[in-house]
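# Sequence unavailable; structure follows:
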């Protein structure tokens with residue numbers, strides 16, 4: 001279970017990426033029914049830690065808490081800065097004991113120096129993917145994703161993709177409801193669309209068109225129905241071909257893929273919060289049959305609805 005978090009403050013770190021980790025894991029959201037973590041900001045040399053924007057962050061804790069944390073998080077820092085062997089030892093120890101390790105943006109270079117990316121897939125900001133692959137040839141760098149999970153090592157792409165990566169870990173450990181509560185407080189999507197949850201192909205733009213915002217809202221209200229492209233195109237007052245093209249341009253994915261993602265999220269919520277049978281949930285979310293819903297769970301989440309309910313359902317929580 002994800003409980004204790006250690007965020008390692010590094011010299012010349014990027015304030016935004018550091019703040020992403022603090023925002024996701026460092027705030028008590030129990031009043032909204034969300035998770036509360038035992039959160040620590042640690043550093044190799046307690047005291048003022050420089051940031052790349054010229055101001056310091058005062059950190060009072062050394063690295064001790066990181067040696068027992070369930071998650072060790074590494075924010076972005078200058079990629080040409082010398083690696084601190086004490087920090088690298090913390091990262092290696094976390095992987096060795098089976099804890100989660102998360103890097104945001106150029107924090108992947110710290111993981112690379114620690115050797116924990118060897119034999120694993122990884123990513124970083126698109127500006128640095130070639131350099132990451134060149135410096136650490138034993139990792140398979142994917143430049144086109146928001147984040148990559150390989151075992152319990154998660155590398156986030158540039159800047160805001162750290163939110164996606166952090167919420168993915170919360171969702172994996174604590175369920176969709178916990179991730180949704182954090183995302184709602186942060187005013188961000190709980191999960192951006194575009195494929196498997198840990199292998200998102202493209203960032204998804206928000207719907208800037210009022211007509212598409214209205215259509216997607218209507219789609220969410222009618223997930224249990226057979227929502228064909230022809231039907232949706234009529235709702236948007238477009239031809240099917242124009243609708244499909246503009247939907248992809250607005251959302252970054254196809255209408256069918258978007259619907260499947262939303263149906264899956266709704267099914268996760270119902271598995272967590274209700275006692276409905278699998279057939280009832282499949283019908284109410286638009287999958288039609290439990291076997292079809294199971295197929296999508298295995299394909300996207302690498303688990304079955306039954307196993308998901310066992311981990312995150314109301315009885316499991318109790």
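Happy to help now that I have it. Just so we're clear, the structure is a prediction, and the values are computed from it rather than from any experiment.

# Summarise which helices and strands the host helix or strand of residue 307 is packed against.
In the assignment (DSSP states H and E), residue 307 maps to helix 305-312. Using 3 or more C-beta pairs under 8 Å, 6 or more residues apart in numbering; DSSP states H and E, the elements in contact with helix 305-312 are helix 255-273, helix 278-285, helix 290-301. Placement of C-beta: from N, CA and C, glycine included.

# Run the angle between the longest one and helix 278-285 for me.
Put plainly, it is helix 255-273. Here helix 255-273 runs at an angle of 130 degrees relative to helix 278-285 (axes from the mean of the first three to the mean of the last three C-alpha atoms, to 10 degrees).

# Buried residues in helix 255-273, which are they?
255, 257-272 (16 or more other C-beta atoms under 10 Å).

# can you give me the strands for this protein?
4-8, 38-42, 47-50, 56-59, 71-74, 100-103, 121-122, 140-141, 147-150, 153-156 (DSSP state E).

# Please list the outside residues in contact with the fifth one.
So that's strand 71-74. Contacts with strand 71-74, where a contact means C-beta atoms under 8 Å, 6 or more residues apart in numbering, come from 2, 4-8, 10, 21, 25, 66, 87, 90-91, 94, 99-104, 107, 110-111, 166, 169.

# picking that back up, quick one: closest of the strands of the chain to residue 251.
Proximity to residue 251, assessed across the strands of the chain by C-beta to C-beta, is greatest for strand 147-150 (19.1 Å).

# List the contacts of residue 268.
Neighbour list for residue 268: 175, 176, 301, 308, 312 [criterion: C-beta under 8 Å, 6+ apart].

# out of those residues, which is most surrounded?
Compared across these, residue 176 has the highest neighbour count, 27 neighbours, by other C-beta atoms under 10 Å.

# Spatially nearest residue to it (excluding sequence neighbours)?
Leaving aside its sequence neighbours, residue 176 sits nearest to residue 268 (C-beta to C-beta, 6 or more residues apart in numbering; 4.0 Å).
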